[in-house]
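1. what follows is a predicted structure for the sequence shown.
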Amino acid sequence: MHPILKVENLSHKYASSWAIREINFEINDTGVVGLLGSNGAGKSTTMNIICGTLLQTEGNVSINGLKMKEDPIAYKQQIGFLPQQAPLYLDFTVQEYLEYAAQLRLMEKRAIKGAVDEVLEKTSITHMRNRLIKNLSGGYRQRVGIAQAIINKPKVVILDEPTNGLDPNQIIEARKLIKEIAQDRAVLLSSHVLSEVNLLAKEIVMIESGQVVFSDTLDAFNNILQPNTMVARMLHMPGADELLAFADVQKVEMLPDHKCRIWFQPNDDLAERIVRKSAEMNWRLTAIHTESSGMDDVFKQLSSSSTLQ
Ligand SMILES: Nc1ncnc2c1ncn2[C@@H]1O[C@H](COP(=O)(O)OP(=O)(O)OP(=O)(O)O)[C@@H](O)[C@H]1O
């Protein structure tokens, strides 16, 4: 079986410099895949090529085995795109615009009305269908942008910073909608908001300096960095010097509520040694757990370890 989306050895050169080099990744399942990378990493270039709005210098993109280079029209009928600036015609009503988007996707005339009704319903904007787009709020405009991206039921949807510029309530609504549309298609979501990616994505592709530096599950991304701190709660808290006496402990910080944070060099049995010692010394240990690093730390680490070509 073919992957839903396959990106193979994708390279692109603007004038004399390579923006991306040998990008490879696959999406094999429905759901959200987060596309991460610093500014200028090559995300937009990659997304534009996948959407067929930019012709790559080298490599291939295919959807369910359909190669863009070999059959661009059939390929493009399988993809929906919401760029950073939603391509809206402000003087159209929502319905007129969605009908127009359906025509651009070469949908059959008789299928258009039903498709428009369906996406209006799906994006909860049926009551706005006769409103001019210029009179809609940012949140509703973004819904129209998402509606046009899914009007022809594409297998793959690309969303570039879809919640950028929305207010907190609109962001919550937009994320809910993204989750819904990803139930039956693959969604590639580019976002600088790591908490958003953490909430929505089950897989991550990260690009830096035009190359893939990570491609795996969200869990694998979050577990790249070995934890190096733990928090312990002890009702009879020992002094910092007693904790510093353990091998591998580098630093100790006393916290409120009988807690302390312990920095340590990676090892397997420090927690176990502390538990044993606590029992021996009656420190009355009630909790101990390692603190995993956040997405920000992993992102920083992967960005800084990438090499410029
Ligand atoms: N039309 C262009 N002409 C020349 N160079 C370009 C062009 N578009 C992008 N680049 C360069 O290609 C590289 C990748 O840019 P790209 O826009 O794909 O990155 P990005 O990850 O989308 O960044 P951002 O997060 O800032 O949108 C950058 O060095 C950029 O300056």
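-> Happy to help now that I have it. Numbers count the residues shown, from 1 in each chain.

2. and the residue in the stretch 51-200 of the chain positioned nearest to the ligand, backbone torsions?
-> Evaluated by CB to the nearest ligand atom, the stretch 51-200 of the chain has residue 192 as its residue closest to the ligand, separated by 6.8 Å. Any C-beta I mention is one placed from the backbone N, CA and C, and that applies to glycine too. Main-chain torsions, residue 192, degrees, to the nearest 10: phi -90, psi -10.

3. next: residue 66.
-> Main-chain dihedrals, residue 66, degrees, to the nearest 10: phi -90, psi 110.

4. residues near the closest residue in space to the residue of the stretch 51-200 of the chain closest to the ligand that isn't next to it in sequence, how many?
-> Sequence neighbours aside, residue 161 is the residue nearest to residue 192 in space, at 6.9 Å (criterion: CB to CB, 6 or more residues apart in numbering). Residue 161: 18 surrounding residues under other CB atoms under 10 Å.

5. now do the contacts for residue 161.
-> Contacts here follow CB atoms under 8 Å, 6 or more residues apart in numbering; on that basis residue 161 touches 84, 190-192.

6. quick one: low-confidence parts of the stretch 101-250 of the chain?
-> Judged against pLDDT under 70, the stretch 101-250 of the chain has no low-scoring part.

7. any idea how the protein splits into domains?
-> Following automatic domain parsing, one gets these domains for the chain: 5-222, 229-291.

8. of all those domains, which lies closest to residue 305?
-> Proximity to residue 305 (CB to CB) singles out domain 5-222 among those, at 7.2 Å.

9. how much space between residue 280 and residue 238?
-> 11 Å (CB to CB, to the nearest Å).

10. actually residue 26, sorry about that
-> According to CB to CB, residue 26 and residue 238 sit 52 Å apart.

11. and residue 130, by the same measure?
-> Here residue 130 is placed at a distance of 71 Å from residue 238 (CB to CB).

12. try residue 142
-> Here residue 142 is placed at a distance of 54 Å from residue 238 (CB to CB).

13. who has more neighbours out of those two?
-> Each of residue 142 and residue 238 has its neighbours counted (other CB under 10 Å); residue 142 has more, 26 against 17.

14. the helix or strand hosting residue 11 near the ligand anywhere?
-> Using DSSP states H and E, residue 11 sits within strand 5-14. Yes: counting by CB under 6 Å from any ligand atom, the ligand is contacted by strand 5-14 at residue 14.

15. and the residue lying closest to residue 55 once chain neighbours are set aside, which of the three is it?
-> Once flanking residues are discounted, residue 55 sits nearest to residue 49: 7.4 Å by CB to CB, 6+ apart. Secondary structure for residue 49, judged by DSSP: H, G, I helix; E, B strand; the rest coil, is helix.

16. follow-up on the earlier one: just the domains of the chain: most buried one?
-> Across the domains of the chain, the average number of neighbours (mean count of other CB atoms under 10 Å) peaks for domain 5-222, which reaches a mean of 18.

17. now do the same end-to-end measure for that one.
-> End-to-end distance of domain 5-222 (CA to CA, to the nearest Å): 24 Å.

18. chain center to that domain, what's the gap?
-> 12 Å (CA atoms, centre = their mean, to the nearest Å).

19. stretch 206-224 too?
-> 11 Å.

20. who touches the residue nearest to the spatial centre of the chain in this structure?
-> Closest residue to the average C-alpha location of the chain: residue 34 at 2.1 Å, with CA atoms, centre = their mean. Counting by CB under 8 Å, 6+ apart, residue 34 makes contact with 189-191, 197, 200-201, 203-205, 218.

21. having no further points to raise, I will conclude here.
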